[in-house]
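>>> I need the structure of the sequence given here:
(4 chains)
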2 protein chains.
Amino acid sequence: MNNPVSKLVQIGELAKSLGITTRTIRYYEEIGLMGKSERLGGSTRTYTNDDVLRLKFILKLKTMGISLKEIEQLSDIFDINERDFNKITPKLIEILDNHIAKVDEKMANLSSLRKDIVEYRIRMTEFLTHNGKEK
Amino acid sequence: MNNPVSKLVQIGELAKSLGITTRTIRYYEEIGLMGKSERLGGSTRTYTNDDVLRLKFILKLKTMGISLKEIEQLSDIFDINERDFNKITPKLIEILDNHIAKVDEKMANLSSLRKDIVEYRIRMTEFLTHNGKEK
DNA sequence: AATAATGTTTACGTTAAGGTCAAGTTTTTT
DNA sequence: AAAAAACTTGACCTTAACGTAAACATTATT
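Residues are numbered from 1 along each chain as shown, chains lettered A, B, ... in the order given. From the prediction side, this is the model:
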């Protein structure tokens, strides 16, 4: 299922196609998220189709609010098991579940926060109108 | 209504009574949030009852998720109009309304985010079980 | 060949809200 | 008076996820 002779792309092209900057890609490599890519003639980074998929996967998780640190945990497994989805998915599901719980918590917090603010706002408004009358 | 000879407290006592550190209080002064407090004998900071109320007010807004930068806007008015609540409250209400809107937006985002994650999670789970069977 | 475009590494800058020394001064307690 | 406690300023550290700039090398286009 995997084309072994996939066309290689360079960092600029890859970045542009995904709407990110080259710095981001280098940064992901820097923190071990992307793994070392092959160098063309020893210097220029080139990315295989697999690399591209991996990067897309990372970005997808990012849009879900998963931190790079959490994604790293997945990457470790990714590196160890070399794309064995049977092993990566349980951990992924664990992280996703964990994240759903976090999101739920955040929403609850925001909800009660909102109540507080609204109440406070009402008190302020009342205070204003009362003072306005008396003056 | 304001006791002109209110007892003065020092920074350590004030911090402890509010459950914050002295660094926080100095920091608020540093960024202009607290206004210069009187110095006892030119060196030690002392806080009046008004100062304490102001600090409590700041902390209250903070628990509502309002940033120090936003609180600063209120402080400016506070400084200019010297505790004239008729002038400070409209701006406060504006900021509160603004914040309620932000909170609503965040909640909406989190809500759709949650949906995404859950969907993704389901797809992953299905993928897992299918693969499990075939193997 | 000269210029432009793209690539490379290194390293400091950014934001928020303080934390954490360090070194010195003042005040309080013994 | 001497020691302990509390105060002072100043300055660097922390987290996340890159942005930005410098200085240089390689590749592509004119």
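
>>> Could you tell me the model confidence score at the residue lying closest to residue A:9 once chain neighbours are set aside?
Leaving aside its chain neighbours, residue A:9 sits nearest to residue A:47 (5.2 Å; criterion: CB to CB, 6 or more residues apart in numbering or on different chains). No exception for glycine: its C-beta is placed from N, CA and C like everyone else's. In this model, residue A:47 is scored at 95, pLDDT.

>>> now do residue A:55
94.

>>> In contact with it, which residues?
Residue A:55 makes contact with A:14, A:18, A:25, A:28, A:34, A:47, according to CB atoms under 8 Å, 6 or more residues apart in numbering or on different chains.

>>> Which helix or strand contains the residue most central in space within chain A?
Nearest to the geometric centre of chain A sits residue A:62, at 1.4 Å (CA atoms, centre = their mean). Assessed by DSSP states H and E, residue A:62 sits inside helix A:49-63.

>>> okay, who's weakest in the contacts of residue A:55 by pLDDT?
residue A:34 (91).

>>> can you tell me how far that residue sits from residue A:91?
Distance of residue A:34 to residue A:91, given as CB to CB, to the nearest Å: 18 Å.

>>> Now for residue A:60: which residues touch it?
When contacts are counted by CB under 8 Å, 6+ apart, residue A:60 touches residue B:120.

>>> where in chain A is pLDDT low?
Across chain A, the ranges flagged by pLDDT under 70 are A:1-6, A:77-88, A:131-135.

>>> again, 80 this time
A:1-6, A:41, A:64, A:74-92, A:103, A:106-107, A:109-110, A:113, A:124, A:127-135 (pLDDT under 80).

>>> Run through the strands of it in chain order.
Assigned by DSSP state E, chain A shows strands spanning A:9-10, A:38-40, A:44-47.

>>> Comparing residue A:34 and residue A:91, which residue is more hemmed in?
Higher neighbour count among residue A:34 and residue A:91: residue A:34, with 20 against 15, using other CB atoms under 10 Å in any protein chain shown.

>>> got a list of what residue A:26 touches?
Counting by CB under 8 Å, 6+ apart, residue A:26 touches residue A:11.

>>> what separates it from residue A:55, distance-wise?
Applying CB to CB, the value for residue A:26 to residue A:55 is 12 Å.

>>> Mind putting the strands of chain A into TSV with distance to residue A:73 and mean neighbour count?
Formatted as TSV, those follow (distance: least, CB to CB, whole Å; neighbours: other CB atoms under 10 Å in any protein chain shown):
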stretch	distance to residue A:73	mean neighbour count
strand A:9-10	27	16
strand A:38-40	25	11
strand A:44-47	22	18
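
>>> can those strands go into JSON lines with extra columns for distance to DNA strand D?
Below are the strands of chain A laid out as JSON lines (distance: least, CB to the nearest atom of the strand, whole Å):
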{"stretch": "strand A:9-10", "distance to DNA strand D": "9"}
{"stretch": "strand A:38-40", "distance to DNA strand D": "6"}
{"stretch": "strand A:44-47", "distance to DNA strand D": "6"}
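
>>> mind giving me CSV with those strands and columns for distance to residue A:99?
CSV is the format used below for the strands of chain A (distance: least, CB to CB, whole Å):
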stretch, distance to residue A:99
strand A:9-10, 30
strand A:38-40, 33
strand A:44-47, 27
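
>>> The longest helix seen in chain A close to DNA strand D?
Ranked by number of residues, the top helix in chain A under DSSP state H is helix A:85-134. No. Using CB under 7 Å from any atom of the strand, helix A:85-134 stays clear of DNA strand D, with a minimum separation of 12.4 Å.
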